[in-house]
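>>> A predicted structure for the sequence below; I have some questions about it.
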Amino acid sequence: MPLFHFDIHEDSRLTPDEDGQNFANVDVARKEAMLTGASIAREAFVAGSADHVVVDVREDEHAPCLKISITLEVEELSDG
Amino acid sequence: MCRQVASLTFVGTGRGDRGFLSDGATGALNCKQGSNSRDRSFSKVPSDAIRAALIKRLRISSAIADEDIKEIEALPISVRQYPAETAVVRDGERATDCCLIADGFCARSKTIASGKRQILSLHIPGEIPDLMSLFLHVMDHDLSTLTPATLGFISHETLQKLHRRSPTVAEMFWRDTLIDAAMFREWIVNVGQRPAPARLAHVMIELRERLRLIGRLDGNSFEMPLTQEQIGEALGITAVHANRVIRQLRQEGIVELNRGRVTVLDERKFQELADFDGRYLHQSPTL
């Protein structure tokens, strides 16, 4: 099983994933990346610590093979 | 990692194949993982070492009387060594013994159809994590080891006899299972309501307060032998998110988790983050 790394960007702050995890294929790794991104974004958005979360998925030391990007957009409506 | 647990052989409880061992021993565990884990590894542990943490805990948390300590000291207990990450009793199995942890760490968990696992509780020496199986015979969750562990098995029959003989011991064990339920309530609150860093801090402080009772703290550090994946399973987040949270707590100078050991860097911040109120552990019989 290939080893996937999930590097997290919260705005400009990077949390590299040195350990990595084995997943059967890139589809399973994609699911894990989405769960991770959504869960980190939920916390970052609520805490107000970031409004843009990116998960870069890479196999070993290769360049990222997948990028998941989640952005918070809040629009205040003056007539609301 | 935990996935390989499924391939390990479960050795059923309650058969006559468990030796009762009581002579000469060390605390060292020599279990191996992999193919050897199918072998039953009996090892020799002095019988008072099996009960030491239990008695220590009951003295503090339940003010156990000397005559009841004698009852516990006289309990026949079969001792077995388990490797790390091995099922002790599985969801759906009928239990005929209760398992006393003499050494090592265990966890209770439940796995859903998709294969995702939720860790429900962590267990340390001196605890009997499947005490409820005395009345609820068919397991509704898994009990497995996290680390190599020395486990003592007490047959249900023995415990029932003890309860009839000594109602005060029965009440003490009843109290134990009620505290167990109180910890589950807190675990639900933790996973359901706290942000992930607070969740981790809370689980850490709970573990610390329980380890304190059995004298297993080392200054401002203590054991928490969980992998990132297991921490994720305890907190309801992925392993990568768990890694992110662990790093954050270290970077903020609150607490460091390194190779299964927690070191508190700033006690005040740690308490504040965890929002910890230890009442639910009911560690004093007078409260």
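Now that the structure is in, tell me what you want to look at.

>>> find the centremost residue of chain A, please.
Geometric centre of chain A, nearest residue: residue A:55, 2.6 Å, by C-alpha atoms, centre = their mean.

>>> beta partners of that one?
Here residue A:55 sits in beta bridges with residue A:8, residue A:68, going by DSSP bridges.

>>> that one reaches residue A:32, doesn't it?
No: taking contacts as C-beta atoms under 8 Å, residue A:55 lies outside contact range of residue A:32: 9.1 Å. (Each C-beta comes from the backbone N, C-alpha and C, glycine too.)

>>> quickly list what's touching both of those two.
Counting by C-beta atoms under 8 Å, 6 or more residues apart in numbering or on different chains, the contacts common to residue A:55 and residue A:32 are A:6, B:240.

>>> didn't residue B:180 look like it was pressed against residue B:131?
Yes: in terms of C-beta under 8 Å, residue B:180 counts as a neighbour of residue B:131; the distance is 7.3 Å.

>>> up against chain B, what does chain A have?
Within chain A, the positions adjacent to chain B are A:6, A:8, A:15, A:17, A:19, A:21, A:32-33, A:35-36, A:39-40, A:43, A:46-47, A:55 by C-beta under 8 Å from any C-beta of the partner chain.

>>> now with 7 Å?
Residues of chain A found near chain B (C-beta under 7 Å from any C-beta of the partner chain) are A:6, A:8, A:15, A:17, A:19, A:21, A:32, A:35-36, A:39-40, A:43, A:47.

>>> now which of these would you call buried?
Neighbour-count burial (16 or more other C-beta atoms under 10 Å in any protein chain shown) applied to the residues of chain A next to chain B gives A:6, A:8, A:15, A:17, A:21, A:32, A:35, A:36, A:39, A:40, A:43.

>>> dump these to a markdown table, plus secondary structure and pLDDT.
As requested, these are exported to a markdown table (DSSP: H, G, I helix; E, B strand; the rest coil; pLDDT from 0 to 100):
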| residue | secondary structure | pLDDT |
| --- | --- | --- |
| A:6 | strand | 95 |
| A:8 | strand | 96 |
| A:15 | strand | 91 |
| A:17 | coil | 90 |
| A:21 | strand | 90 |
| A:32 | helix | 93 |
| A:35 | helix | 95 |
| A:36 | helix | 96 |
| A:39 | helix | 96 |
| A:40 | helix | 97 |
| A:43 | helix | 95 |
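
>>> need the max-distance pair from those.
A:21 and A:43 (20.2 Å; C-beta to C-beta).

>>> next, residue A:19: secondary structure please.
Secondary structure, DSSP: H, G, I helix; E, B strand; the rest coil: residue A:19 is coil.

>>> fine by me, thanks again.
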